[in-house]
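Novice: Show me the folded form of this:
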Amino acid sequence: METIQPSQFNLKETDSANKLGFRFGNKGAHGSRTMMLTELELLFDSRPVSATQDDYFEAILEDNVTDKRTFTTRQSTRQRLIELYSLDPSLAIFRVMREFWKKDKTARPLLALLCALARDPLLRATAPYVLNLGAGDEIARNRFTNALREKVGDRFNDNTLDKIVRNTSSTWTQSGHLVGRFRKSRQLVRPTPLTVAYALLLGHMLGNGGNRAFQTLWTLVLDSSWTELFAKAADASRLGVIKLKQSGDVTQLDFPGLISNQEMKVMNESN
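Specialist: This next block holds a predicted model:
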């Protein structure tokens with residue numbers, strides 16, 4: 001397996017990336033929570049794909065669909081879910097994930113992870129260590145912590161670093177990249193066509209068109225070779241989710257209906 005460098009998970013902060021819903025900075029939801037897959041499932045089960053952000057807020061705060069014991073905890077749940085996913089249908093980064101969520105149940109853990117990686121710098125900081133493990137390799141807690149410390153510097157004390165490691169380890173387990181309760185080891189994930197389509201879209205939104213869309217941090221997460229990714233992308237194209245054309249060594253990707261005209265304008269402004 002090709003070694004993944006930490007720099008490959010350094011997103012360049014730009015006005016367009018911020019407008020499109022990507023998040024940057026020194027903080028992230030994984031300072032206090034995991035990617036909250038269970039809460040996300042409960043929330044989406046309670047509201048249709050057409051739900052607005054206010055509908056999701058109502059579900060969390062008033063209907064308590066995530067089953068929290070106090071109103072304060074419900075408020076915290078809402079805030080963490082916003083940080084991880086935005087819950088804003090005006091953003092393709094959430095809107096497309098939500099649409100694919102309904103269409104492909106098996107894709108849900110990876111869809112959630114891809115979105116969370118786009119919005120949580122702390123989770124991104126742990127990706128190189130986890131993804132560089134070979135199948136069956138066991139997580140070494142000290143190495144995991146040291147890898148995170150090298151990435152985030154001295155911003156966090158040891159207790160906070162330990163909490164981030166616990167939370168991110170749980171997230172990578174929820175996504176399927178790790179297995180085990182107490183002693184976690186690496187396993188390879190198997191993406192679906194919709195998962196690959198979403199990963200390609202995220203890369204495309206950051207200016208990686210054509211062949212480059214298959215070589216981004218989003219596709220690295222999918223534990224797949226170029227050939228495997230292309231085959232899944234071709235399946236997504238046949239399903240009408242994306243448009244994929246290849247002529248010689250040139251690949252053309254389009255995402256009809258997935259990106260709004262306003263989002264296209266923002267993307268073009270950055271090029």
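
Novice: Which stretches in this structure count as strands?
Specialist: Using DSSP state E, the strands of the chain run over residues 178-179, 185-186, 243-247, 250-254.

Novice: tell me the mean pLDDT for the second one?
Specialist: Average pLDDT, strand 185-186: 96.

Novice: OK, contacts around V65?
Specialist: Counting by CB atoms under 8 Å, 6 or more residues apart in numbering, V65 touches 42-43, 45-46, 59. (Each C-beta comes from the backbone N, C-alpha and C, glycine too.)

Novice: Among these, which one lies nearest to G207?
Specialist: Taking CB to CB as the measure, G207 sits nearest to L43 out of the contacts of V65, at 31.0 Å.

Novice: these two touch, right, the closest one and E58?
Specialist: No - with contact defined as CB atoms under 8 Å, L43 does not count as touching E58 (10.8 Å).

Novice: From the chain's centroid, how far away is stretch 27-39?
Specialist: On the basis of CA atoms, centre = their mean, to the nearest Å, stretch 27-39 sits 12 Å off its chain's mean C-alpha point.

Novice: among the strands of the chain, which is nearest E263?
Specialist: Of all those, strand 250-254 comes closest under CB to CB, at 13.6 Å.

Novice: For the closest one, which strands pair with it and how are they oriented?
Specialist: strand 243-247 (antiparallel) (DSSP bridges).

Novice: Tell me the buried residues in the partner strand?
Specialist: By neighbour count on 16 or more other CB atoms under 10 Å, the buried set for strand 243-247 is L244.

Novice: Show the average pLDDT along it.
Specialist: So the average pLDDT for strand 243-247 ends up being 90.

Novice: Dump that strand to PDB, restricted to CA.
Specialist: Extracted C-alpha coordinates of strand 243-247, given in PDB (Å, rounded to 0.1, in the frame of the first residue of the first chain):
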ATOM      1  CA  LYS A 243     -21.200  11.600 -15.900                       C
ATOM      2  CA  LEU A 244     -17.900   9.900 -16.600                       C
ATOM      3  CA  LYS A 245     -16.100   9.900 -20.000                       C
ATOM      4  CA  GLN A 246     -12.600   8.800 -20.900                       C
ATOM      5  CA  SER A 247     -10.700   9.500 -24.000                       C
END
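
Novice: Report the distance from it to the chain centre.
Specialist: 25 Å.

Novice: And for stretch 105-119?
Specialist: Using CA atoms, centre = their mean, the offset of stretch 105-119 from its chain centre is 4 Å.

Novice: returning to what we had before: now, which of the contacts of V65 sits nearest D249?
Specialist: L43 (43.1 Å).

Novice: if I pick the closest one, what's in contact with it?
Specialist: Contacts of L43 (CB under 8 Å, 6+ apart): 56, 59-60, 65-66, 81.

Novice: How about D104?
Specialist: Contacts of D104 by CB under 8 Å, 6+ apart are 111, 192, 194-195.

Novice: let's see it at 10 Å
Specialist: 110-111, 192-195, 197-198, 239, 241 (CB atoms under 10 Å, 6 or more residues apart in numbering).
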